[in-house]
Every structure is written in C-alpha cells, then in structure tokens.
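J.: my questions are about this predicted structure, shown below with the sequence.
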Amino acid sequence: MSFFESEIVQEEAKKLFTDYQNLMQLGSDYGKFDREGKVMFIGTMENLMERYKVFMKRFELSEDFQAKMTVEQLRTQLSQFGITPDQMFDQMNKTLVRMKSELDK
C-alpha cells in the first residue's frame, strides 16, 4: 500500500488541514481576544505545530516514493524563500514565543 493510501495518513492530513484552516480563520480576530483567548489560541497553535512535525517526520521516514517526493517538494518550495523545513518550524516557534511575551501588553 502506498503511503497516501493509508487511512491513518489520509485522516490525519485532512484533520491537520481542517484544523489549520479553522485556526487561521479564528486567528484573524486575534487582536480582539482577551488574554485567556490569546493563551488558548497560542496553545492550540503549538499543538498543531507538533502534530504537523510528527506528520512530516512520517513522510521523511517512509520508504514510499511519493512520500519522499512530497518531502523533496516541500524542501524545494521553502528553499525558494531561502529556508529549510527546520528553519520554518524555528521561525514559527519564535513567533509563538513573541506572542506569549506580548500577552500582557
């Protein structure tokens, strides 16, 4: 069975995509959130990032050709912006750290 034919992979990909879309839509009102709402939003984003890291690690560890090509495509796309996947996650983490530091401002 191909990597992408796995029900687990398909379900997690769909859930990650849906959760990300919903969080981004909610995040458009981030400036209107009270402190607790911001804390919840940041926590949810951290959780989503961890899930995405695990999902991407599955791609990297897979022997499936399509999974390897997906990882390579991501690397190619990110390299056009001068970053690696690790740098992307580091930048996302820095953003969340900054958001936390600004909670009481």
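T.: That came through fine.

J.: quick one: residue 41 from residue 22, how far?
T.: Using Cβ to Cβ, to the nearest Å, residue 41 is found at 11 Å from residue 22. Every C-beta, even on glycine, is put in place using the N, C-alpha and C of the backbone.

J.: of these two, who's got more company?
T.: Applying other Cβ atoms under 10 Å to residue 41 and residue 22 shows that residue 41 carries more neighbours, namely 18 against 12.

J.: check contacts around that one.
T.: If you count contacts by Cβ atoms under 8 Å, 6 or more residues apart in numbering, residue 41 has them with 23, 26-27, 30, 33.

J.: going by distance to residue 62, which of these wins?
T.: residue 23 (26.3 Å; Cβ to Cβ).

J.: may I see the buried residues of the helix or strand where the closest one lies?
T.: Per DSSP states H and E, residue 23 falls inside helix 7-27. By neighbour count on 16 or more other Cβ atoms under 10 Å, the buried set for helix 7-27 is 9, 12.

J.: run the chain-centre distance for that helix.
T.: Relative to its parent chain, helix 7-27 has a centroid offset of 9 Å by Cα atoms, centre = their mean, to the nearest Å.

J.: which neighbouring elements make contact with it?
T.: helix 35-61 (3 or more Cβ pairs under 8 Å, 6 or more residues apart in numbering; DSSP states H and E).
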